[in-house]
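Q: no sequence on this one, just coordinates:
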């Protein structure tokens with residue numbers, strides 16, 4: 001089992017930036033795809049961005065393309081989400097998750113989850 005811990009959330013003004021980090025521990029992290037999900041109050045958890053173990057394949061939700069960048073440093077067992085040009089509608093709890101090999105859109109197909117970090121964007 002992989003243990004995940006998110007950090008880097010906070011309060012930022014619209015147009016600002018944040019970088020989220022997802023630190024992993026556990027031998028099974030190797031080979032795993034990692035995704036960043038978000039969940040706003042009253043809404044379903046949705047995949048924002050994801051990256052395969054090699055970094056050769058990435059996914060971005062349409063509404064973050066050009067603003068968010070996912071990257072990973074496997075030597076540090078850490079995945080990052082750089083968020084630029086933040087909007088109030090980006091406000092949510094952001095979670096990282098892992099699953100074996102491939103990227104899947106549905107949150108039900110991801111096996112390990114962190115506790116989440118709050119991102120609040122003020123207008």
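A: That came in fine, so what should we check first? Treat the numbers as computed from the prediction; the structure is a model and nothing was measured.

Q: Can you check the distance spanned by stretch 112-123, start to finish?
A: For stretch 112-123, the separation between the terminal residues is 33 Å (Cα to Cα, to the nearest Å).

Q: Quick check: buried residues in it?
A: For stretch 112-123, a neighbour-count test (16 or more other Cβ atoms under 10 Å) marks 112-114, 116-117, 119, 121 as buried. Just so you know, the C-beta spots here come from the backbone N, C-alpha and C atoms, and that holds for glycine as well.

Q: and what of stretch 47-63?
A: Residues of stretch 47-63 classed as buried under the neighbour-count rule (16+ other Cβ under 10 Å) are 47-53, 59-61.

Q: How about stretch 81-97?
A: 81, 83, 86, 90-97.

Q: Kindly indicate which of the buried residues of stretch 47-63 lies nearest residue 12.
A: For the buried residues of stretch 47-63, the closest approach to residue 12 (Cβ to Cβ) belongs to residue 48, at 16.0 Å.

Q: Give me the average confidence score over the helix or strand containing the closest one.
A: Using DSSP states H and E, residue 48 sits in strand 46-51. Strand 46-51 comes out with an average pLDDT of 98.

Q: Quick check: which helices or strands does it pack against?
A: Helices and strands in packing contact with strand 46-51 are listed as strand 32-39, strand 58-60, strand 68-73, strand 78-83; criterion 3 or more Cβ pairs under 8 Å, 6 or more residues apart in numbering; DSSP states H and E.

Q: repeat that with 10 Å
A: Here strand 46-51 touches strand 32-39, strand 58-60, strand 68-73, strand 78-83, strand 92-100, going by 3 or more Cβ pairs under 10 Å, 6 or more residues apart in numbering; DSSP states H and E.

Q: Sheet partners, orientation included, of the longest one?
A: Yep, that's strand 92-100 we're talking about. Based on DSSP bridges, the strands next to strand 92-100 in the sheet, each with its direction, are strand 32-39 (antiparallel), strand 112-113 (antiparallel), strand 117-122 (antiparallel).
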